[in-house]
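Visitor: With the input below, show me the fold.
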Amino acid sequence: MTNRRNFIRASAVAGGAIAAGIAAGAATAPAARAAGDAAPDRLALLSWHAALANRRYQPAVVAVIGSSSTEGVGSVHGRGYVAVLAENLRHAFPVAGAAGGANFVAAWGRPDRWPVIASGGGRPAPPDDGWALKGWELTGGTLTHSFTGTSVRVWHSPAAALTVTVDGRPIPASGSGPLAAGSHTVTVSGTGRVNGFVTFDGDEHRGIQVWNGGHGGRTTGSFAAQTSAWAPSLAEIRPDLVILQLGVNDWRTGVPAATVKRNLKAIIKAARSAAGTDPSFVVYGSPRVGPGRAEGFGRLAQAWREVAAEDSGGYGGTSAVTYFDLAARQLPPSGDNRLGLYCDDLIHMTDKGAAHTADALTGFLTPD
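Guide: Numbering: from 1, shown residues only. Next comes the predicted model:
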């Protein structure tokens with residue numbers, strides 16, 4: 001299937017990109033793993049750790065595929081666990097001049113203060129399209145995104161007839177050249193499907209990139225059935241690590257654990273085939289969420305573990321998939337939410353809960 005995520009270079013021209021530049025980064029010590037945490041399978045994370053070691057010379061890239069928690073529902077935009085994980089990794093493993101941008105912001109989203117403003121004609125595109133399985137169908141309206149960085153791209157369908165400006169200046173077919181580090185505004189107008197905005201802040205060619213592919217309400221079945229929609233994106237992202245935060249919505253809607261397991265394996269297979277890399281994978285297992293229901297959750301958690309244990313796609317036929325057990329760090333919110341890690345719906349994480357999760361993931365992903 002044709003890759004839907006082309007770069008805008010000028011009106012009605014696909015395939016272009018605003019050129020890259022450089023920005024400053026921070027320097028702090030790597031995060032330590034908490035005492036008693038189960039260590040991940042280090043060989044399963046070998047691709048990720050090798051890329052992290054090489055981050056000064058080319059990007060170490062994380063792609064996160066998930067549902068509402070990955071998208072950041074429950075938190076203010078920029079405070080979800082994916083955004084905080086990116087911040088943590090960049091501070092723990094700094095590269096001078098590569099502060100790191102948002103990398104991907106979908107054309108629309110549910111978290112509060114979503115940084116894309118739609119006006120005029122347009123609507124959310126039909127589900128299951130493009131990276132994160134969502135897009136915005138422009139019908140003569142505009143999308144405006146304000147960002148901090150050194151370059152921006154717009155991913156859109158090949159058939160779109162669009163005009164793009166940055167800070168009010170049209171982008172020529174040859175590209176705009178590097179942007180000065182700082183605040184900028186990109187505006188897209190016309191007709192066609194826009195998947196989202198790719199922004200960098202000195203991390204175009206080095207540092208750490210973290211790409212958010214979250215969409216509220218999605219299941220393992222959503223991604224397994226639509227690999228031709230999202231997987232081609234990985235050829236551009238080129239991840240060294242893929243985090244899969246999927247399965248809870250399946251469980252909540254009665255999907256058998258065996259089906260979840262089969263779907264996750266299909267997603268991993270599609271990601272391997274499309275990425276052009278040999279990525280490591282993390283299967284993210286959450287605590288039991290939602291008010292009260294417990295039936296079948298143990299079987300879901302076992303399915304998550306088995307996906308990691310049964311993989312043989314790593315080096316020397318070992319597993320390249322490891323299991324991140326968030327339930328070992330958090331109580332089920334329906335049983336005890338006194339710390340306020342989850343919202344009143346007992347499903348989505350608060351800003352505090354998202355940061356707690358990101359800190360746990362940072363320790364899990366950090367080489368010993």
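
Visitor: Next, residue 52: phi, psi?
Guide: Taking degrees, to the nearest 10, you get phi -60, psi -40 for the backbone angles of residue 52.

Visitor: Helix or strand: which one has the nearest residue to residue 147 once chain neighbours are set aside?
Guide: Using Cβ to Cβ, 6 or more residues apart in numbering and skipping residues adjacent in sequence, the residue nearest residue 147 is residue 199, 4.6 Å away. Any C-beta I mention is one placed from the backbone N, CA and C, and that applies to glycine too. Counting by DSSP states H and E, the element that carries residue 199 is strand 182-200.

Visitor: Which strand residues bridge the residue nearest to residue 147?
Guide: For residue 199, the beta-bridge partners are residue 152 (DSSP bridges).

Visitor: so residue 54 touches residue 61, yeah?
Guide: No - Residue 54 lies out of contact with residue 61 (Cβ atoms under 8 Å); the separation is 11.0 Å.

Visitor: quick one: which of the two has more around it?
Guide: residue 61 (25 against 13; other Cβ atoms under 10 Å).

Visitor: Can you name the residues bridging to that one?
Guide: residue 209.

Visitor: Distance check, it against residue 195.
Guide: Look at residue 61 and residue 195: by Cβ to Cβ, to the nearest Å, they are 18 Å apart.

Visitor: Contact partners for the residue nearest to residue 147?
Guide: By Cβ atoms under 8 Å, 6 or more residues apart in numbering, the contact set of residue 199 is 101, 102, 103, 105, 147, 148, 149, 151, 152, 153.

Visitor: Go again with 10 Å.
Guide: Residue 199 makes contacts with 18, 100-105, 145, 147-153, 179, 184, 186, as judged by Cβ atoms under 10 Å, 6 or more residues apart in numbering.

Visitor: So which of these are in helices?
Guide: Mapping these onto helices (DSSP state H) picks out no residues; all lie outside.

Visitor: Show the buried residues in the residues you listed.
Guide: 18, 100-105, 145, 147, 149-153, 179, 184, 186 (16 or more other Cβ atoms under 10 Å).

Visitor: Pull out the buried positions in stretch 71-79.
Guide: 71, 72, 73, 74, 75, 77, 78, 79.

Visitor: Pull up the distance across stretch 42-61, start to finish.
Guide: Counting by Cα to Cα, to the nearest Å, you get 18 Å between the two ends of stretch 42-61.

Visitor: Could you pull up the mean pLDDT of it?
Guide: Mean pLDDT, stretch 42-61: 97.

Visitor: do stretch 170-180 as well
Guide: Mean pLDDT, stretch 170-180: 63.

Visitor: Please spell out the segments of this protein that come in under the pLDDT threshold.
Guide: 1-40, 172-177 (pLDDT under 70).

Visitor: Moving C-terminal from the lengthiest helix in it, which element do we reach first?
Guide: In terms of residue count, the longest helix belonging to the chain (DSSP H) is helix 257-275. Where DSSP H and E defines the elements, the next helix or strand beyond helix 257-275 is strand 280-285.
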